[in-house]
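Trainee: Next comes the sequence, and after it the predicted model I'd like to discuss.
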Amino acid sequence: MPTFGSVTPSRTEALEEWHPVCRVAELEVERGVAALVHGQAVAIFRFDEDTVYALANHDPFSRQSLLARGIVGSRDGVPFVASPLHKHAFDLRTGQCLEDPHVSVAAYDVKVVEGVVLIGHRKTAA
């Protein structure tokens, strides 16, 4: 069975379902990085020491791939990234725009296994 570092996918979790991106220690807290995951540009954020989120790297307002360079923060307990151009904030958990409830970006499942950040497929809308 294929492995990435010390991560071995179980029989129920094929490697194609969870894309290894990097070690969590390589990510800076409250910073984003961009990666190509499942053929899509994904912005990955280490919110704090233990929490990693992933959103589509596309800002729907500016129509540019730049969310990974956004400002990470928290508003009323909601972790968000603010686009560097127009400052619209997107909930890191869901991708929902905090200023305009009709706009969102794709959010991805994330897990950290033995120190490796794994990105899954897009979350389904609630």
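Mentor: Structure received. Bear in mind the structure is a predicted one, so any value in this text is a computation, not a measurement.

Trainee: my read is residue 50 is in a helix, agree?
Mentor: No - according to DSSP: H, G, I helix; E, B strand; the rest coil, residue 50 belongs to no helix; its state is coil.

Trainee: separation between it and residue 63?
Mentor: To residue 63, residue 50 is 33 Å away according to C-beta to C-beta, to the nearest Å. Any C-beta I mention is one placed from the backbone N, CA and C, and that applies to glycine too.

Trainee: just residue 109 next, same as before
Mentor: Residue 109 sits at a distance of 25 Å from residue 63 (criterion: C-beta to C-beta).

Trainee: The two: which is more packed in?
Mentor: Of the pair residue 109 and residue 63, residue 109 is the one with more neighbours under other C-beta atoms under 10 Å, namely 14 against 9.

Trainee: ok, and the more buried one, which helix or strand is that part of?
Mentor: strand 107-113 (DSSP states H and E).

Trainee: and that strand, what does it pack onto?
Mentor: strand 52-56, strand 116-122 (3 or more C-beta pairs under 8 Å, 6 or more residues apart in numbering; DSSP states H and E).

Trainee: Give the rounded mean pLDDT of the last one.
Mentor: Looking back up the chat, that one is strand 116-122. Mean pLDDT, strand 116-122: 93.

Trainee: Show me how far that strand is from its chain's centre.
Mentor: Distance of strand 116-122 from its chain centroid, counting by C-alpha atoms, centre = their mean, to the nearest Å, is 8 Å.

Trainee: ok so, going back, looking at the helices and strands packed on strand 107-113, spot the one closest to residue 42.
Mentor: Nearest of the helices and strands packed on strand 107-113 to residue 42, taken as C-beta to C-beta: strand 52-56 at 5.2 Å.

Trainee: Show residues contacting the closest one.
Mentor: Contacting residues not belonging to strand 52-56 are listed as 24, 27, 37, 40-47, 67, 79, 81, 90, 92-93, 95, 105-110, 112, 117, 119 [C-beta atoms under 8 Å, 6 or more residues apart in numbering].

Trainee: next one: stretch 67-85
Mentor: With contacts defined as C-beta under 8 Å, 6+ apart, stretch 67-85 is touched by 30-34, 43-45, 47, 51, 53, 55-59, 61-62, 64, 66, 87-93, 98, 105.
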